[in-house]
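Student: Build me a structure from this.
(2 chains)
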Amino acid sequence: MKRGFQILKLLGRVYILHISAILAIWLAMYYPGLDIILSIIYLFLLWEEGKHTHRMLRNPKKQALIASLWQLPGFILGTSVIIGIDRVTDLAYYFVFMLELWVTPILPLVSLLPHWTILERPIYYYLLFVMVPLLAVYYYVPVHRTISENS
Amino acid sequence: MDRFGDLQGLMKDKILRIYFFPVVLVILLLLIGSDNIQLFAGSRQSVIYTYANSFLKGEIGSGFGVYSSERVSFTGLEPGDIVMGGWSNCAYGRYSHAGLYVGNNQVLEGDVDYGLSVQALGDYMKFTQLCLLRVEASPEVKKKAVDYAMARQGEMFYPVAFKQGERYWNCTKIIWEAYYIQGINLDEINDLWIAPEKFADSSMVKNLYEKGISNS
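Tutor: Predicted structure coming up:
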């Protein structure tokens, strides 16, 4: 029970970090350049949060669970768009927009990439689906970094 | 360098780390709010007011509907004209989407799937509400506006992109910016975002055609 509560607490922390970053970085786009700075800070804070979670849990599987639960909305949205559920209902049409909003914290860095297109779609479109698992992995990586430092 | 180290130390604090973005969010809300006080002070023309009203009615997003089967003639459109389409349940005004006519039955528009891209004009026939506008400007100005927009193909679409900056675009910002840098401001209330219908309300445009809009 106590460990379950700890997992929930750590999950809550990363959700607070992510959702407040979505809103703050979106507003920061009003001041071009500030969004890029905040995006870099977000990655730094997320890394530190991953390290903090590892220190609290010392359990890679539980940390992976938190990373997956944290990015679950992104996984659901991205998978829905890829398999075409977003073409089935009117509400699902908004899924790809919601996915883009979900990955707002690192969009400023993506916006710096060249504007190449692949099969008529810009690179950032494909990255919308890649960023979700990447963020989960990024949060999880501090586990392995600590393990390799100790081995 | 010491100050940077202090900042890093602060970021490593588990409490400060969680409060960082909420505090930044509040500061930005206050700054942007004070910069646009006329919009937040109950301006009924602002898209914020329109969206808030629609949200209370349960309408969100661009809306949807049954595709129209009505054929519309786009004969006579000139590069630089604005094409707008929409559904009656759009949360941010009469029209949900806009494109800049670039000639050859094509429009430059913004969408999340393709970013800023050239698409077929005929796609607008599906909308139950349609409007064609002509910006009252010289052919040279309109050509420059079209050239500006065309040069931005492939750039990122972001639905709630502010007018500032040139890294995030939506379907109306690209049209507004293309004309703004030519000295024509199609958003006369200087809103934070530009709803497509604001183009129709501009004194700088002439209405060429409109369908599906009730006068009630």
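
Student: pLDDT value on the closest residue to B:M125 other than its chain neighbours, please?
Tutor: Nearest residue to B:M125, sequence neighbours excluded (C-beta to C-beta, 6 or more residues apart in numbering or on different chains): B:V72, at 5.5 Å. The C-beta positions use only the backbone N, C-alpha and C, and glycine is treated the same way. At B:V72, the pLDDT value in this model is 75.

Student: hey, where'd the strands end up in chain A?
Tutor: Ranges of strands in chain A, per DSSP state E, are A:117-118, A:121-122.

Student: any chance of those strands in JSON lines, plus distance to chain B?
Tutor: Listed next are these as JSON lines, based on distance: least, C-beta to the nearest C-beta, whole Å:
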{"stretch": "strand A:117-118", "distance to chain B": "5"}
{"stretch": "strand A:121-122", "distance to chain B": "4"}
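
Student: Indicate which one of those is closest to A:I40.
Tutor: strand A:121-122 (22.4 Å; C-beta to C-beta).

Student: Touching the closest one from outside, list them.
Tutor: A:H115, A:W116, B:D113, B:Y114, B:G115, B:G154, B:E155, B:M156 (C-beta atoms under 8 Å, 6 or more residues apart in numbering or on different chains).

Student: and which of those is nearest A:V141?
Tutor: Nearest member of the contacts of strand A:121-122 to A:V141, counting by C-beta to C-beta, is B:M156, at 26.6 Å.

Student: At the geometric centre of chain B, which residue do we find?
Tutor: B:T172 (2.9 Å; C-alpha atoms, centre = their mean).

Student: Please give the element, helix or strand, for that residue.
Tutor: helix B:171-180 (DSSP states H and E).

Student: quick one: average pLDDT of the helix or strand just after that helix?
Tutor: Downstream of helix B:171-180, the first helix or strand assigned by DSSP H and E is helix B:197-201. Taken as a whole, helix B:197-201 has an average pLDDT of 90.

Student: any idea how far A:P108 is from the residue lying closest to A:F129 once chain neighbours are set aside?
Tutor: Excluding the flanking residues, the one nearest A:F129 by C-beta to C-beta, 6+ apart is A:G78, at 4.6 Å. From A:G78 over to A:P108 the distance is 20 Å, taken as C-beta to C-beta, to the nearest Å.

Student: ok so, going back, go through the contacts of strand A:121-122 and name the one nearest A:A136.
Tutor: Using C-beta to C-beta, those come closest to A:A136 at B:M156, 22.6 Å.

Student: thought the closest one was touching A:S111?
Tutor: Yes - B:M156 is within contact range of A:S111, at 5.3 Å (criterion: C-beta atoms under 8 Å).

Student: what touches both of these two?
Tutor: A:Y124, B:R167, B:Y168.

Student: from the residues you listed, which ones fall inside helices?
Tutor: Those of those mapping onto helices are A:Y124, per DSSP state H.

Student: Closest one to A:A21 out of the shared contacts of B:M156 and A:S111, please.
Tutor: Of these, the one sitting nearest to A:A21 (C-beta to C-beta) turns out to be B:Y168, at 16.3 Å.

Student: What pLDDT is listed against that closest one?
Tutor: 97.

Student: which residues does it contact?
Tutor: Residues in contact with B:Y168 (C-beta under 8 Å, 6+ apart) are A:M29, A:L107, A:S111, B:M156, B:F157, B:Y158, B:A161, B:F162.

Student: Now with 10 Å, please.
Tutor: A:26, A:29, A:32, A:35, A:107-108, A:111, B:110, B:155-162 (C-beta atoms under 10 Å, 6 or more residues apart in numbering or on different chains).

Student: Now do the strands in chain B.
Tutor: B:82-86, B:97-103, B:106-111, B:115-120, B:129-135, B:205-211.

Student: The fifth one pairs with which strands?
Tutor: When pairs are called by DSSP bridges, strand B:129-135 turns out to pair with strand B:82-86 (antiparallel), strand B:205-211 (antiparallel).

Student: how far off helix B:171-180 does it point, in degrees?
Tutor: Angle, strand B:129-135 to helix B:171-180, by axes from the mean of the first three to the mean of the last three C-alpha atoms, to 10 degrees: 10 degrees.

Student: Also the shortest one?
Tutor: Taking the same axes, to 10 degrees, one finds strand B:82-86 and helix B:171-180 inclined to each other by 160 degrees.

Student: How about the third one?
Tutor: Orientation note: strand B:106-111 sits at an angle of 120 degrees relative to helix B:171-180 (the same axes, to 10 degrees).

Student: wait, does strand B:106-111 make contact with chain A?
Tutor: Yes - Strand B:106-111 lies within reach of chain A by C-beta under 10 Å from any C-beta of the partner chain, at B:D111.

Student: what pLDDT, on average, does that strand get?
Tutor: Strand B:106-111 comes out at a mean pLDDT of 96.

Student: any idea of the pLDDT on the closest residue to the residue nearest to the centre of chain B other than its chain neighbours?
Tutor: Spatial nearest neighbour of B:T172, excluding adjacent residues (C-beta to C-beta, 6+ apart): B:I194 at 4.2 Å. At B:I194, the model reports a pLDDT of 89.
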